Each structure stands twice: as C-alpha cells, then as structure tokens.
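Enquirer: structure, please.
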Amino acid sequence: MNFELEFKSGIGRKPKITDLEVVALSFTAEFMSIDSENSLFKQISLSEIPNLIERSQFN
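Expert: This next block holds a predicted model:
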C-alpha cells in the first residue's frame with residue numbers, strides 16, 4: 001500500500017527547505033543547548049546553510 005500523498009495546487013511559495021531540514025535544525029539547536037530562535041539564527045551563518053530560511057519563517 002502506498003501512503004504517499006501528492007498535493008499539486010501551485011498555490012503559495014515553494015519552500016526553501018524541507019520539513020525534515022526544519023526538524024533537523026530544531027534538533028541541532030536542542031543538542032547545542034540553544035533555547036532561543038534568535039540565538040540559533042545569530043550563531044548560524046548563510047555560508048554554513050546556504051538555503052537557510054528567515055527566523056520569522058522558522059517558527
């Protein structure tokens with residue numbers, strides 16, 4: 001059985017990063033004992049993650 005769902009409306013923006021990458025970023029922040037999104041985004045540079053989303057989009 002294939003549980004993959006496809007949604008192709010063409011509405012909205014194309015995401016810069018996947019949901020999995022957002023979860024990985026969140027886990028990384030927890031691992032680094034970073035409790036604040038502001039602190040996380042101050043410590044990460046665009047050279048480390050070139051397709052990094054803005055802090056306001058992360059939440």
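
Enquirer: where is the longest helix in this protein?
Expert: When the chain is scanned for its longest helix (criterion: DSSP state H), the result is helix 19-31.

Enquirer: skip the chain neighbours and tell me the closest residue to the spatially most central residue of the chain.
Expert: Centroid-nearest residue in the chain, with CA atoms, centre = their mean: Val22, separated by 2.7 Å. Closest residue to Val22 apart from its sequence neighbours, by CB to CB, 6 or more residues apart in numbering: Phe58 at 6.9 Å. Backbone N, C-alpha and C define where each C-beta goes, glycine included.

Enquirer: again with Arg55
Expert: Phe41 (4.4 Å).

Enquirer: can you pull the contacts of that neighbour?
Expert: Listed by CB atoms under 8 Å, 6 or more residues apart in numbering, the contact partners of Phe41 are Leu52, Arg55, Phe58.

Enquirer: does it sit in a helix, a strand or a coil?
Expert: Under DSSP: H, G, I helix; E, B strand; the rest coil, Phe41 falls in the helix class.
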